[in-house]
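Student: predicted model and sequence follow; I will ask about them next.
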Amino acid sequence: MPVPFIDLSRQHRGLRAEIRKAVNRIFDTQRFVLGEEGRAFEAAVAQKTGARHAVGLASGSDALYLALVALGIGPGDEVITTPFTFFATAGAISRAGARPVFADIDARTFNLDPVSFAARVTRRTRAVIPVHLFGLTCDMTEIKKIAARRSLRVIEDAAQSFGARHRGRLSGAIGDAGCFSFYPTKNLGGAGDGGMLVTSSAALADKVRLLRDHGSRHKYRHQVVGLNSRLDEIQAAVLRIKLRRVDVWNRARQRHAADYNRALKGLPLALPVTPAGEGHVFHLYSVLSEARDALMAFLHKKGVGAGVYYPLPLHLQPCYRSLGHKKGDFPVSEDVARRILSLPMCAELTAAEKARVTGALRTFYKGRR
């Protein structure tokens with residue numbers, strides 16, 4: 001049998017009855033937006049992460065955008081982030097009217113390099129968006145030190161890292177704001193799009209609540225120009241059910257990653273690292289290979305799912321040509337993009353499937369000796 005890259009149906013089978021009951025309850029009430037389910041889920045996420053406030057939103061992309069807008073960041077401002085991430089990170093900066101400024105990544109963690117970040121700060125820099133890529137938190141201690149020296153806001157892109165830890169603190173609740181995505185494939189994933197902003201600033205949470213509902217606190221009275229970015233009740237209900245299990249699922253991912261590490265040791269691959277003080281939750285298990293494309297084709301031929309996250313760094317995307325970047329500007333990001341390959345990973349991965357994956361990798365490299 002093939003080994004899928006991810007199989008969401010496995011998780012759903014164990015939750016089907018509970019989810020249907022919750023969804024039926026919402027249909028019985030006919031309250032689909034800004035109701036009790038959403039408020040209960042916000043309170044649960046705030047308690048879980050250690051933040052004082054949580055605001056449900058329509059997507060992780062909107063969470064990033066609204067964090068910037070609520071902090072007053074816009075035209076004429078610069079925001080530093082990584083070029084090795086999903087487009088939504090830089091896209092939110094552009095949507096806010098600010099200029100994305102890229103800094104290179106650490107070759108071992110794939111996360112924002114604090115040294116490169118510090119070198120890119122100018123008098124126009126207002127914020128930094130560190131991305132906790134693939135489930136591993138950035139070096140938030142060093143990033144926050146640099147940000148504090150330059151009076152910069154810190155907005156965590158925690159879309160891939162629900163439950164991850166940095167020195168005991170949960171991702172999302174370390175900076176000024178944390179932004180989560182609940183896209184179905186995430187460690188905590190809904191039944192469609194959804195997102196959330198967490199913060200310990202009452203003023204920031206209040207501003208985001210205002211902005212998410214067309215800038216209105218009272219019907220037909222609009223204090224500011226906002227947008228429609230509300231987490232609907234069905235998503236909140238599904239996510240509340242899954243939130244109670246996310247720690248168990250994350251521990252399973254960590255066990256799978258440890259098994260992969262043991263089985264792949266000795267192959268010409270750079271395996272994922274978890275620096276001291278970090279709690280990796282392995283949204284993706286990604287390796288580096290000099291033969292990436294041939295290896296991926298071989299795995300697909302053998303019925304093993306594999307994918308590339310991300311093949312083209314953001315500074316080389318066509319839409320950012322106006323920033324004036326060229327190949328070689330961020331060499332670590334470009335090298336990682338050339339060599340990275342993600343292997344099957346989900347909490348429900350079986351021992352037999354892991355053996356098939358690692359066996360296929362060993363067969364591939366045995367044939368290249």
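Tutor: Perfect, thanks for sending it.
Student: domain assignment for the chain?
Tutor: With domains defined by automatic domain parsing, the chain comprises 8-103+111-243, 246-366.
Student: what about the helices in the chain?
Tutor: For the chain, helices defined by DSSP state H occupy the ranges 8-13, 16-29, 36-49, 60-70, 88-95, 114-119, 140-149, 202-212, 233-243, 246-264, 292-301, 331-339, 351-366.
Student: on that earlier part again, turn the domains of the chain into a markdown table, including mean pLDDT and distance to Met1.
Tutor: For every residue, glycine as well, the C-beta is placed using N, CA and C. Output for the domains of the chain, formatted as a markdown table (pLDDT from 0 to 100; distance: least, Cβ to Cβ, whole Å):
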| stretch | mean pLDDT | distance to Met1 |
| --- | --- | --- |
| domain 8-103+111-243 | 97 | 13 |
| domain 246-366 | 97 | 7 |
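Student: could I get the ones you listed as CSV with mean neighbour count and distance to Pro2?
Tutor: Putting those into CSV (neighbours: other Cβ atoms under 10 Å; distance: least, Cβ to Cβ, whole Å) gives the following:
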stretch, mean neighbour count, distance to Pro2
domain 8-103+111-243, 20, 14
domain 246-366, 17, 4
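Student: so what's Arg52 up against?
Tutor: Contact analysis of Arg52 by Cβ atoms under 8 Å, 6 or more residues apart in numbering lists Ala46, Thr199, Ser200, Ser201, Ala202, Ala205.
Student: relative to Val336, how far out is the third one?
Tutor: Taken as Cβ to Cβ, to the nearest Å, the spacing of Ser200 relative to Val336 amounts to 33 Å.
Student: repeat that for the first one.
Tutor: According to Cβ to Cβ, Ala46 and Val336 sit 34 Å apart.
Student: repeat that for the fifth one.
Tutor: From Ala202 over to Val336 the distance is 39 Å, taken as Cβ to Cβ.
Student: then Val281?
Tutor: Relative to Val336, Val281 is positioned 20 Å away (Cβ to Cβ).
Student: surely Ala158 touches Gly172?
Tutor: Yes. Between Ala158 and Gly172 there is a contact under Cβ atoms under 8 Å: 4.1 Å.
Student: what residues are shared contacts of the two?
Tutor: Gly178, Cys179, Phe180.
Student: dump the helices of the chain to CSV, plus distance to Gly192.
Tutor: Listed next are the helices of the chain as CSV, based on distance: least, Cβ to Cβ, whole Å:
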stretch, distance to Gly192
helix 8-13, 12
helix 16-29, 12
helix 36-49, 14
helix 60-70, 12
helix 88-95, 16
helix 114-119, 34
helix 140-149, 30
helix 202-212, 17
helix 233-243, 6
helix 246-264, 18
helix 292-301, 28
helix 331-339, 29
helix 351-366, 27
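Student: wait, which of those helices is closest to Val101?
Tutor: helix 88-95 (8.7 Å; Cβ to Cβ).
Student: elements contacting the closest one?
Tutor: For helix 88-95, the elements it packs on are helix 60-70, strand 78-81, strand 99-102, strand 125-129, judged by 3 or more Cβ pairs under 8 Å, 6 or more residues apart in numbering; DSSP states H and E.
Student: what residues does it touch?
Tutor: Against helix 88-95 from outside (Cβ under 8 Å, 6+ apart): 60-61, 64-65, 67-68, 79, 81-83, 99-100, 102, 129, 131, 157, 159, 181, 314, 320.
Student: against Val208, how distant is the nearest residue to Ile6 once chain neighbours are set aside?
Tutor: Spatial nearest neighbour of Ile6, excluding adjacent residues (Cβ to Cβ, 6 or more residues apart in numbering): Cys346 at 5.0 Å. Using Cβ to Cβ, Cys346 is found at 31 Å from Val208.
Student: and what of Lys354?
Tutor: Lys354 is 41 Å from Val208, by Cβ to Cβ.
Student: also Arg153?
Tutor: Taking Cβ to Cβ as the measure, Arg153 falls 14 Å from Val208.
Student: if I pick the closest residue to Asn111 other than its chain neighbours, what's in contact with it?
Tutor: Distances taken as Cβ to Cβ, 6+ apart place Cys138 nearest to Asn111, at 4.4 Å, with adjacent residues excluded. Cys138 makes contact with Thr109, Asn111, Leu112, Pro130, Val131, His132, His166, according to Cβ under 8 Å, 6+ apart.
Student: one more time with 10 Å
Tutor: 82, 105-106, 109-114, 117, 128, 130-132, 144, 154, 156-158, 161, 164, 166, 171, 174-175, 278 (Cβ atoms under 10 Å, 6 or more residues apart in numbering).
Student: same thing with Met296?
Tutor: Contacts of Met296 (Cβ under 10 Å, 6+ apart): Ser289, Val304, Gly305, Ala306, Gly307, Val308, Leu341, Ser342, Phe364.
Student: cool, and Ala107?
Tutor: By Cβ under 10 Å, 6+ apart, the residues touching Ala107 are Asp113, Ala270, Leu288, Pro331, Val332, Ser333, Asp335, Val336.
Student: in TSV: the residues you listed, plus distance to Pro75.
Tutor: Converted to TSV, those look like this (distance: Cβ to Cβ, whole Å):
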residue	distance to Pro75
Asp113	28
Ala270	40
Leu288	38
Pro331	31
Val332	30
Ser333	27
Asp335	34
Val336	32
